[in-house]
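Asks: Build me a model:
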Amino acid sequence: MKRYYIAYGSNINIHRMRDRCPTAELLGTAMLKGWELMFKRSMTGAYLTLEEKPGGSVPVVIWSVSAEDEQKLDRCEGYPVCYYKRKIRLEYEGISTGKMRTVRGFTYIMPEGREYGIPSDRYMDICLTGYRTFEFDKRLLYEARRESTRRMIRSMRWSVYDFKR
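Replies: Residues are numbered from 1 along each chain as shown. From the prediction side, this is the model:
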């Protein structure tokens, strides 16, 4: 049985997704309304996640994945420890037809309490390649990195201040 996977980070990179899930089918693209991108830390680095934000918008790619593909994605994304799954309903534009279609898909989101972080250059490049492929506005990635860095530094200042008390 196929499911709809909503990708917003490194899995919008077609080459990366083909390595992870060779049977996944690229269906289309969409703008996910009410969300923003942020980088948060895990045990192996800082990676993209979604945070709810009124008025926000994140470009996404919709994939059709098999149960086996989803299991591979679960392992790659560190589900359920690093990310949890969330079902989202959205309208996307088909790659081959250009027609609009509404689906209910799943995406991976880091727990809200995770610390913000700075992504590696390699991870940024993987994401930027996907953004270029689909002609998404790459300024969104750079803004997410800037804002995540700002929030990380702000939390560090509070930690230092609290420690001195």
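
Asks: When you work out contacts or count neighbours from here on, use the C-alpha atoms and nothing else.
Replies: Will do.

Asks: Would you list the phi and psi of Gly117?
Replies: phi -150, psi 180 (degrees, to the nearest 10).

Asks: so it sits right up against Arg146, yeah?
Replies: No - in terms of C-alpha atoms under 8 Å, Gly117 does not count as a neighbour of Arg146; the distance is 10.0 Å.

Asks: helix/strand/coil for Gly113?
Replies: When classified by DSSP: H, G, I helix; E, B strand; the rest coil, Gly113 comes out as coil.

Asks: Just want to know which of Gly117 and Arg146 has more residues nearby.
Replies: Using other C-alpha atoms under 10 Å as the criterion, Gly117 and Arg146 rank with Gly117 on top: 23 against 15.

Asks: where are the low-confidence patches of the protein?
Replies: Residues of the chain meeting the criterion pLDDT under 70: 157-165.

Asks: For the protein, which segments count as strands?
Replies: 3-7, 25-41, 46-65, 84-94, 100-109 (DSSP state E).

Asks: Not counting its own residues, what contacts the fourth one?
Replies: Here strand 84-94 makes contact (C-alpha atoms under 8 Å, 6 or more residues apart in numbering) with 27-32, 62, 79, 99-111.

Asks: Buried among those? Make that a PyMOL selection.
Replies: Applying 16 or more other C-alpha atoms under 10 Å to the contacts of strand 84-94 leaves a buried subset, and the PyMOL line that selects it is:
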select buried, resi 27+28+29+30+31+32+62+79+105+106+107+108+109+110+111
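
Asks: buried residues in stretch 41-52?
Replies: Neighbour-count burial for stretch 41-52 [16+ other C-alpha under 10 Å]: Arg41, Ser42, Ala46, Tyr47, Leu48, Thr49, Leu50, Glu51.

Asks: Was I right to think the third one contacts Ile118?
Replies: Read it as Ala46. Yes - if you go by C-alpha under 8 Å, Ala46 and Ile118 touch, sitting 5.6 Å apart.

Asks: which residues do those two both contact?
Replies: Phe39, Lys40.

Asks: tell me the contacts of Tyr108?
Replies: Taking C-alpha under 8 Å, 6+ apart as the test, what Tyr108 contacts is Thr49, Glu77, Tyr83, Tyr84, Lys85, Arg86.
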